[in-house]
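1. Sharing a sequence plus its predicted fold:
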Amino acid sequence: MATEGRGRPRLEQPRRPGGTAREQILDAAAELFTTAGYANTSTRRIAEAVGVRQASLYHHFATKDDILDALLAGTVDGPLRLAAELLDEPGPAPQRLHTLVVADVSQLSAATWNLGALYLLPELRIDRFAEFRCSREELRDRYRQLAQTAIVECGGPVTAIDLPFRLVESEINRRSDDQTSPPQQPWVIAEGALRVLGYHGDFAALRECSAHWLGLRSGRSATG
(Lines give C-alpha, C1' and ligand atoms only; values in the text may rest on other atoms or scores of the structure.)
Protein backbone atom coordinates (compact mmCIF):
# COMPACT_ATOMS: atom_id res chain seq x y z
CA MET A 1 0.00 0.00 0.00
CA ALA A 2 1.21 3.50 -0.79
CA THR A 3 1.16 6.23 1.84
CA GLU A 4 0.35 9.91 1.31
CA GLY A 5 1.65 11.60 4.45
CA ARG A 6 -1.72 12.53 5.92
CA GLY A 7 -4.56 10.25 6.88
CA ARG A 8 -4.66 6.52 6.37
CA PRO A 9 -2.63 4.65 3.72
CA ARG A 10 -4.02 4.49 0.20
CA LEU A 11 -5.94 1.38 -0.74
CA GLU A 12 -3.78 1.12 -3.87
CA GLN A 13 -1.53 3.12 -6.15
CA PRO A 14 -2.96 6.48 -7.37
CA ARG A 15 -5.39 6.06 -10.23
CA ARG A 16 -6.07 9.77 -10.94
CA PRO A 17 -3.92 12.53 -12.45
CA GLY A 18 -2.44 15.02 -10.01
CA GLY A 19 0.69 15.33 -7.95
CA THR A 20 -1.10 15.33 -4.58
CA ALA A 21 -4.04 13.56 -3.03
CA ARG A 22 -5.94 16.84 -2.98
CA GLU A 23 -5.49 17.31 -6.73
CA GLN A 24 -6.59 13.74 -7.37
CA ILE A 25 -9.70 14.20 -5.24
CA LEU A 26 -10.58 17.34 -7.18
CA ASP A 27 -10.09 15.57 -10.50
CA ALA A 28 -12.28 12.63 -9.48
CA ALA A 29 -14.96 14.94 -8.10
CA ALA A 30 -14.89 17.08 -11.24
CA GLU A 31 -15.52 14.02 -13.40
CA LEU A 32 -18.30 12.69 -11.19
CA PHE A 33 -20.02 16.05 -10.67
CA THR A 34 -20.08 16.77 -14.42
CA THR A 35 -21.04 13.27 -15.56
CA ALA A 36 -23.04 11.60 -12.79
CA GLY A 37 -24.37 14.81 -11.25
CA TYR A 38 -23.59 16.58 -8.00
CA ALA A 39 -26.58 15.22 -6.07
CA ASN A 40 -25.78 11.67 -7.18
CA THR A 41 -22.15 11.80 -6.07
CA SER A 42 -21.16 10.98 -2.52
CA THR A 43 -17.82 11.53 -0.82
CA ARG A 44 -17.50 7.75 -0.59
CA ARG A 45 -17.83 7.47 -4.35
CA ILE A 46 -15.20 10.18 -4.85
CA ALA A 47 -12.83 8.42 -2.45
CA GLU A 48 -13.31 5.14 -4.30
CA ALA A 49 -12.59 6.84 -7.62
CA VAL A 50 -9.31 8.18 -6.21
CA GLY A 51 -8.34 4.98 -4.42
CA VAL A 52 -8.27 6.40 -0.87
CA ARG A 53 -10.31 5.72 2.21
CA GLN A 54 -13.22 8.07 2.83
CA ALA A 55 -11.59 9.11 6.12
CA SER A 56 -8.51 10.23 4.18
CA LEU A 57 -10.64 12.40 1.91
CA TYR A 58 -11.92 14.26 4.97
CA HIS A 59 -8.37 15.32 5.82
CA HIS A 60 -8.48 17.47 2.67
CA PHE A 61 -12.16 18.41 2.43
CA ALA A 62 -14.58 18.39 5.33
CA THR A 63 -17.68 18.18 3.12
CA LYS A 64 -18.74 17.60 -0.47
CA ASP A 65 -19.68 21.28 -0.65
CA ASP A 66 -16.05 22.18 0.12
CA ILE A 67 -14.93 20.14 -2.88
CA LEU A 68 -17.44 21.84 -5.14
CA ASP A 69 -16.42 25.26 -3.83
CA ALA A 70 -12.75 24.55 -4.60
CA LEU A 71 -13.60 23.45 -8.13
CA LEU A 72 -15.74 26.52 -8.77
CA ALA A 73 -13.13 28.89 -7.38
CA GLY A 74 -10.61 27.43 -9.78
CA THR A 75 -12.69 28.66 -12.73
CA VAL A 76 -12.84 32.31 -11.64
CA ASP A 77 -9.84 33.10 -9.42
CA GLY A 78 -7.30 33.25 -12.26
CA PRO A 79 -9.45 35.36 -14.64
CA LEU A 80 -10.39 37.63 -11.74
CA ARG A 81 -6.74 38.36 -10.94
CA LEU A 82 -5.90 38.89 -14.61
CA ALA A 83 -8.87 41.23 -15.07
CA ALA A 84 -7.67 43.35 -12.15
CA GLU A 85 -4.18 43.56 -13.67
CA LEU A 86 -5.54 44.51 -17.09
CA LEU A 87 -7.81 47.20 -15.65
CA ASP A 88 -4.72 48.79 -14.13
CA GLU A 89 -2.72 48.52 -17.35
CA PRO A 90 -2.44 51.51 -19.68
CA GLY A 91 -3.33 51.22 -23.33
CA PRO A 92 -6.38 50.67 -25.51
CA ALA A 93 -9.26 48.82 -23.86
CA PRO A 94 -9.88 46.54 -26.88
CA GLN A 95 -6.42 45.04 -26.48
CA ARG A 96 -6.83 44.49 -22.74
CA LEU A 97 -10.28 42.95 -23.19
CA HIS A 98 -8.99 40.71 -25.98
CA THR A 99 -6.26 39.39 -23.69
CA LEU A 100 -8.73 38.68 -20.90
CA VAL A 101 -11.16 36.85 -23.18
CA VAL A 102 -8.41 34.68 -24.69
CA ALA A 103 -7.11 33.73 -21.24
CA ASP A 104 -10.55 33.04 -19.78
CA VAL A 105 -11.83 30.95 -22.69
CA SER A 106 -8.50 29.10 -22.79
CA GLN A 107 -8.87 27.91 -19.20
CA LEU A 108 -12.52 26.99 -19.69
CA SER A 109 -11.81 25.02 -22.86
CA ALA A 110 -8.57 23.38 -21.71
CA ALA A 111 -9.92 22.00 -18.44
CA THR A 112 -10.32 18.22 -18.49
CA TRP A 113 -13.89 18.50 -17.20
CA ASN A 114 -16.47 21.14 -18.16
CA LEU A 115 -16.64 22.73 -14.72
CA GLY A 116 -18.55 25.76 -15.96
CA ALA A 117 -21.58 23.50 -16.35
CA LEU A 118 -21.72 23.40 -12.54
CA TYR A 119 -22.72 27.08 -12.51
CA LEU A 120 -26.33 25.98 -13.08
CA LEU A 121 -26.52 23.74 -10.01
CA PRO A 122 -29.43 24.75 -7.76
CA GLU A 123 -27.14 24.11 -4.77
CA LEU A 124 -25.18 27.25 -5.66
CA ARG A 125 -28.08 29.40 -4.43
CA ILE A 126 -27.44 28.59 -0.78
CA ASP A 127 -25.32 30.79 1.50
CA ARG A 128 -22.44 28.29 1.44
CA PHE A 129 -21.61 29.42 -2.09
CA ALA A 130 -22.20 33.15 -1.62
CA GLU A 131 -18.48 33.87 -1.91
CA PHE A 132 -18.29 32.13 -5.27
CA ARG A 133 -21.35 34.00 -6.53
CA CYS A 134 -19.75 37.28 -5.46
CA SER A 135 -16.48 36.38 -7.20
CA ARG A 136 -18.27 35.51 -10.43
CA GLU A 137 -20.25 38.74 -10.28
CA GLU A 138 -17.05 40.68 -9.64
CA LEU A 139 -15.49 39.06 -12.71
CA ARG A 140 -18.53 40.02 -14.74
CA ASP A 141 -18.24 43.60 -13.49
CA ARG A 142 -14.58 43.80 -14.55
CA TYR A 143 -15.54 42.56 -18.00
CA ARG A 144 -18.17 45.28 -18.12
CA GLN A 145 -15.65 47.95 -17.12
CA LEU A 146 -13.30 46.97 -19.93
CA ALA A 147 -16.19 46.61 -22.37
CA GLN A 148 -17.58 50.03 -21.48
CA THR A 149 -14.24 51.69 -22.14
CA ALA A 150 -13.85 49.76 -25.39
CA ILE A 151 -17.31 50.88 -26.52
CA VAL A 152 -16.37 54.50 -25.91
CA GLU A 153 -13.09 54.10 -27.79
CA CYS A 154 -14.72 52.26 -30.70
CA GLY A 155 -18.01 54.14 -30.86
CA GLY A 156 -19.89 50.89 -30.38
CA PRO A 157 -23.37 50.17 -29.01
CA VAL A 158 -23.81 50.74 -25.29
CA THR A 159 -26.27 47.85 -25.13
CA ALA A 160 -23.43 45.40 -25.95
CA ILE A 161 -21.63 45.99 -22.65
CA ASP A 162 -22.45 42.55 -21.20
CA LEU A 163 -21.90 40.56 -24.38
CA PRO A 164 -18.15 39.80 -24.00
CA PHE A 165 -18.75 38.06 -20.66
CA ARG A 166 -21.69 36.15 -22.12
CA LEU A 167 -19.66 35.11 -25.16
CA VAL A 168 -16.92 33.77 -22.87
CA GLU A 169 -19.41 31.66 -20.94
CA SER A 170 -20.92 30.39 -24.20
CA GLU A 171 -17.87 28.12 -24.28
CA ILE A 172 -19.43 26.20 -21.39
CA ASN A 173 -22.53 25.36 -23.44
CA ARG A 174 -20.46 24.57 -26.52
CA ARG A 175 -18.40 22.07 -24.53
CA SER A 176 -21.57 20.50 -23.17
CA ASP A 177 -22.65 19.85 -26.76
CA ASP A 178 -19.32 18.98 -28.39
CA GLN A 179 -17.23 17.70 -25.42
CA THR A 180 -13.95 19.09 -26.83
CA SER A 181 -12.79 22.52 -27.98
CA PRO A 182 -10.80 23.40 -31.12
CA PRO A 183 -7.53 25.18 -30.28
CA GLN A 184 -8.61 28.34 -32.10
CA GLN A 185 -11.74 28.78 -29.97
CA PRO A 186 -10.34 31.36 -27.51
CA TRP A 187 -9.17 33.54 -30.37
CA VAL A 188 -12.45 33.23 -32.26
CA ILE A 189 -14.49 34.26 -29.22
CA ALA A 190 -12.12 37.13 -28.40
CA GLU A 191 -12.50 38.50 -31.92
CA GLY A 192 -16.27 38.15 -31.78
CA ALA A 193 -16.38 39.92 -28.41
CA LEU A 194 -14.62 42.94 -29.87
CA ARG A 195 -16.66 43.02 -33.05
CA VAL A 196 -19.91 43.32 -31.09
CA LEU A 197 -18.39 46.34 -29.31
CA GLY A 198 -17.71 48.04 -32.62
CA TYR A 199 -14.00 47.30 -33.01
CA HIS A 200 -12.76 47.25 -36.62
CA GLY A 201 -9.03 47.56 -36.07
CA ASP A 202 -6.06 45.28 -36.62
CA PHE A 203 -6.96 41.89 -35.17
CA ALA A 204 -3.59 40.42 -36.09
CA ALA A 205 -1.88 42.97 -33.86
CA LEU A 206 -4.29 42.17 -31.04
CA ARG A 207 -3.53 38.47 -31.32
CA GLU A 208 0.20 39.06 -31.27
CA CYS A 209 -0.01 41.25 -28.20
CA SER A 210 -2.31 38.86 -26.32
CA ALA A 211 -0.09 35.91 -27.18
CA HIS A 212 2.94 37.79 -25.89
CA TRP A 213 1.15 38.84 -22.70
CA LEU A 214 -0.12 35.35 -21.94
CA GLY A 215 2.95 33.51 -23.13
CA LEU A 216 0.84 31.57 -25.60
CA ARG A 217 1.42 30.59 -29.19
CA SER A 218 0.16 33.36 -31.45
CA GLY A 219 -3.41 32.84 -32.61
CA ARG A 220 -2.76 34.52 -35.94
CA SER A 221 -3.77 31.48 -37.96
CA ALA A 222 -6.78 30.79 -35.78
CA THR A 223 -8.99 33.49 -37.21
CA GLY A 224 -7.41 34.07 -40.55
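-> Everything's here; your move. Bear in mind that the values here come from a model prediction, so they are computed numbers and not experimental data. Residues are numbered from 1 along each chain as shown.
2. Could I get the phi/psi values of Arg53?
-> phi -70, psi 150 (degrees, to the nearest 10).
3. Give me the neighbour count for it.
-> By other C-beta atoms under 10 Å, the residues close to Arg53 number 17. Placement of C-beta: from N, CA and C, glycine included.
4. Grab the nearest non-local neighbour of the spatially most central residue of the chain.
-> Central residue of the chain (C-alpha atoms, centre = their mean): Thr75, 3.2 Å from the mean position. With sequence-adjacent residues excluded and distances taken as C-beta to C-beta, 6 or more residues apart in numbering, Thr75 is closest to Leu115, at 5.2 Å.
5. What of Val101?
-> Per C-beta to C-beta, 6+ apart, closest to Val101 is Ala190, 4.0 Å.
6. now do Ser181
-> Counting by C-beta to C-beta, 6+ apart, the residue nearest Ser181 is Ser109, at 3.5 Å.
7. Could you pull up the residues touching the residue nearest to Val101?
-> His98, Val101, Val102, Val105, Leu206, Ser210 (C-beta atoms under 8 Å, 6 or more residues apart in numbering).
8. In strands, which of those appear?
-> Counting by DSSP state E, none of the members of those fall within strands.
9. Please identify, among these, the one with the most neighbours.
-> Of the contacts of Ala190, with other C-beta under 10 Å as the count, His98 tops at 29 neighbours.
10. give the contact list for that one.
-> Ala190, Glu191, Ala193, Leu194, Leu206, Arg207, Cys209, Ser210.
11. Please report phi then psi for Thr112.
-> According to degrees, to the nearest 10, Thr112 has phi -60, psi -40.
12. can you tell me how far it sits from Asp104?
-> 17 Å (C-beta to C-beta, to the nearest Å).
13. Just want to know which of the two has more residues nearby.
-> Neighbours per residue, other C-beta under 10 Å: of Thr112 and Asp104, the larger number sits with Asp104, 27 against 10.
14. Which residues are in contact with that one?
-> Contacts of Asp104 (C-beta under 8 Å, 6+ apart): Pro79, Leu82, Val168.
15. ok, and the most crowded of these?
-> Val168 (25 neighbours).
16. Please verify my assumption that that residue contacts Leu108.
-> Yes: counting by C-beta atoms under 8 Å, Val168 does reach Leu108; the two are 7.3 Å apart.
17. Poorly predicted segments of this protein, please.
-> Counting by pLDDT under 70, the chain has low-confidence residues at 1-15, 17-18, 216-224.
18. Show me the domain layout of it.
-> 8-62, 73-214 (automatic domain parsing).
19. Which helix or which strand is home to Trp187?
-> Per DSSP states H and E: Trp187 is located in helix 185-195.
20. I meant to write Glu171 there.
-> Using DSSP H and E, Glu171 falls in helix 163-178.
21. and that helix with helix 185-195, angle?
-> 150 degrees (axes from the mean of the first three to the mean of the last three C-alpha atoms, to 10 degrees).
22. how about the helices in this protein?
-> 21-35, 43-50, 54-57, 64-88, 93-110, 130-154, 163-178, 185-195, 203-214 (DSSP state H).
23. so what secondary structure elements neighbour the fourth one?
-> Translated: helix 64-88. helix 21-35, helix 43-50, helix 93-110, helix 130-154 (3 or more C-beta pairs under 8 Å, 6 or more residues apart in numbering; DSSP states H and E).
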